[in-house]
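S.K.: this is a predicted model, with the sequence first.
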Amino acid sequence: MNEEIIENINSRLDKAIDKGRVLLADEELQQQVDEVKRKAESAIRKHPIKSVLAGLAVGVIIGAIFSSDD
């Protein structure tokens, strides 16, 4: 039974890896990622203080979500 589970997991991982390779090879996706990166860099250069404050705020929120006082 354990072998069946492992084979199933391996099969699913292989499919996910193949799907990821196809996505990474997609030139249109790469162009979209480059465009988003360019826009983000431009916004950060235009508003560096706001960018740092936004990053800190996101970090505090994520930290609050993942920290537990249980």
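M.R.: Structure's in. What do you need? Residues are numbered from 1 along each chain as shown.

S.K.: which strand or helix spans the most centrally placed residue in the chain?
M.R.: Central residue of the chain (CA atoms, centre = their mean): Val33, 11.6 Å from the mean position. Using DSSP states H and E, Val33 sits within helix 27-46.

S.K.: what's that helix in contact with?
M.R.: By CB atoms under 8 Å, 6 or more residues apart in numbering, the residues outside helix 27-46 that reach it are 23-24, 51. Any C-beta I mention is one placed from the backbone N, CA and C, and that applies to glycine too.

S.K.: what's the answer for stretch 4-11, then?
M.R.: By CB under 8 Å, 6+ apart, stretch 4-11 touches no other residue.

S.K.: which residues touch Ile65?
M.R.: Under the criterion of CB under 8 Å, 6+ apart, Ile65 has no neighbours.

S.K.: helix, strand or coil for it?
M.R.: Judged by DSSP: H, G, I helix; E, B strand; the rest coil, the three-state class of Ile65 is helix.

S.K.: any idea how far Gly59 is from it?
M.R.: For Ile65, the distance to Gly59 (CB to CB, to the nearest Å) stands at 11 Å.

S.K.: longest helix in the chain, please.
M.R.: Taking DSSP state H as the criterion, the chain has its longest helix at helix 2-25.

S.K.: tell me the mean pLDDT over that one?
M.R.: Taken as a whole, helix 2-25 has a mean pLDDT of 88.

S.K.: if we can go back for a sec, mind putting the contacts of helix 27-46 into CSV with neighbour count and distance to Ala40?
M.R.: Shown next, in CSV, are those (neighbours: other CB atoms under 10 Å; distance: CB to CB, whole Å):
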residue, neighbour count, distance to Ala40
Leu23, 10, 20
Leu24, 10, 20
Ser51, 14, 9
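
S.K.: I'd like those residues as CSV, with distance to Asn2 appended.
M.R.: Shown next, in CSV, are these (distance: CB to CB, whole Å):
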residue, distance to Asn2
Leu23, 31
Leu24, 32
Ser51, 49
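
S.K.: related to what we said a few turns ago, quick one: the longest helix of the chain to chain centroid distance?
M.R.: 19 Å (CA atoms, centre = their mean, to the nearest Å).
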